[in-house]
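Engineer: need a structure here:
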Amino acid sequence: MTDLTTTWCGLKLKTPLVLAASPLSKRIDSLVRAEQAGAGAVVLPSLFEEQLRHQSFALDHNLSRGEGGNPEADSYLPEVLAAATGPDEYLNQIQVAKGTLKIPVVASLNGATAGGWTDYAKRIADAGADALELNLYWIPTDPSETGEDLERRYCQLVTRIRAAVRMPLMVKIHPFFTSLPNTARRLHEAGADGLVLFNRFYQPDLDIDQMEVVPNLVLSTSHDLRLPLRWTAILKGKVEADLALTSGVHTGADLVKAILAGAKVACVASAPLAHGVQRIARILDELKGWMAEKEYASVGEMCGAMSAAAVGDPAVYERANYMKALQSLDRHWL
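Structural biologist: Numbers count the residues shown, from 1 in each chain. Here you go, the predicted structure:
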């Protein structure tokens, strides 16, 4: 019998496919359908640092609005604050998901500074989340800020949150580091149990009729698998953190590649958004079919079988692969 179970940052999952943070994971009925389709875990939508700041500003406003008034009016403040603290709804979402689902529920925080994250990470743990994904999303625009400055800030943030909670901590990173292996190792040393490769920076577009900068969200395709696949294969065995691959997993073949490269799990959002949550079941069926054909008994047996450390020539993931790609292009067009 094919064994699809895997262990990710200490969590035992029935399958290696995880529903990533997306509009789907905002709805409890979508989470239930994802579990029924075979998802091994779900990641709730990210709570953004800006939302925590807004809560803090609202708190200050409400605490000061009664200054100079009747002291007896202070009794109304708890009710006012309860209605104003939007991020508290996130804690309720965690509790509802935990009370409904049998698979692990991962909370997500998105930002780049210490802010109020440490305290809120504690509240997320108290709400019952099985793990926390720290989504590092920051575009440096200050020419005086160096790459080392940014990486140090990230590591300090991970260290603070690691000191605040004991739950598994995954860090979702982007690929735009000067030395990704070094940054990955430092994040693990700072306290990250796992790394999620990669955060997709959604690029804005220009509306040349209205002369406005507009948001532009484009769902991934299987082609987007290449970048995280390469780095998963390179990092496997070089960092002790568990690796998760995200972006570009749309088919069973995509999932097979992710696991062979060294990912403990693959996270999907675009595929179920485009085709429905039931797409998860199809991807897993295709994975099982491939495993049966290749006589793999378990996902654990597959994991990392084609990583850079496992293949005969690790250079295929490095510069030599670039030259081979150019040679294949020459043969095609010349």
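Engineer: what residues are up against Phe177?
Structural biologist: 147, 151, 183 (Cβ atoms under 8 Å, 6 or more residues apart in numbering). For glycine as for every other residue, the C-beta is placed from the backbone atoms N, C-alpha and C.
Engineer: Give the buried subset of those residues as a ChimeraX selection command.
Structural biologist: Only the buried entries of these go into this ChimeraX selection, using 16 or more other Cβ atoms under 10 Å:
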select :151,183
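Engineer: Okay, and which of the contacts of Phe177 map to helices?
Structural biologist: Among the contacts of Phe177, the residues falling in helices (DSSP state H) are 147, 151, 183.
Engineer: Please tell me how far the first one sits from Pro140.
Structural biologist: Looking back up the chat, that one is Gly147. Distance of Gly147 to Pro140, given as Cβ to Cβ, to the nearest Å: 8 Å.
Engineer: quick one: which of the ones in helices among the contacts of Phe177 is nearest Thr100?
Structural biologist: Distance to Thr100 across these (Cβ to Cβ) is lowest for Thr183, with 36.7 Å.
Engineer: Out of the contacts of Phe177, flag the one nearest to Asp209.
Structural biologist: Gly147 (37.5 Å).
Engineer: Leu19 reaches Ala269, doesn't it?
Structural biologist: Yes: under the criterion of Cβ atoms under 8 Å, Leu19 makes contact with Ala269 at 7.4 Å.
Engineer: about what we covered before: could the ones in helices among the contacts of Phe177 go into TSV alongside pLDDT and distance to Ala315?
Structural biologist: Compiled in TSV, the ones in helices among the contacts of Phe177 are given as follows (pLDDT from 0 to 100; distance: Cβ to Cβ, whole Å):
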residue	pLDDT	distance to Ala315
Gly147	90	26
Glu151	93	27
Thr183	97	22
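Engineer: Take the residues you listed and lay them out in TSV including distance to Val32.
Structural biologist: Supplementary listing: the ones in helices among the contacts of Phe177 in TSV, determined by distance: Cβ to Cβ, whole Å:
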residue	distance to Val32
Gly147	43
Glu151	39
Thr183	37
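Engineer: So what does Ala266 have for phi and psi?
Structural biologist: Dihedral angles of Ala266 (phi, psi; degrees, to the nearest 10) stand at phi -120, psi 140.
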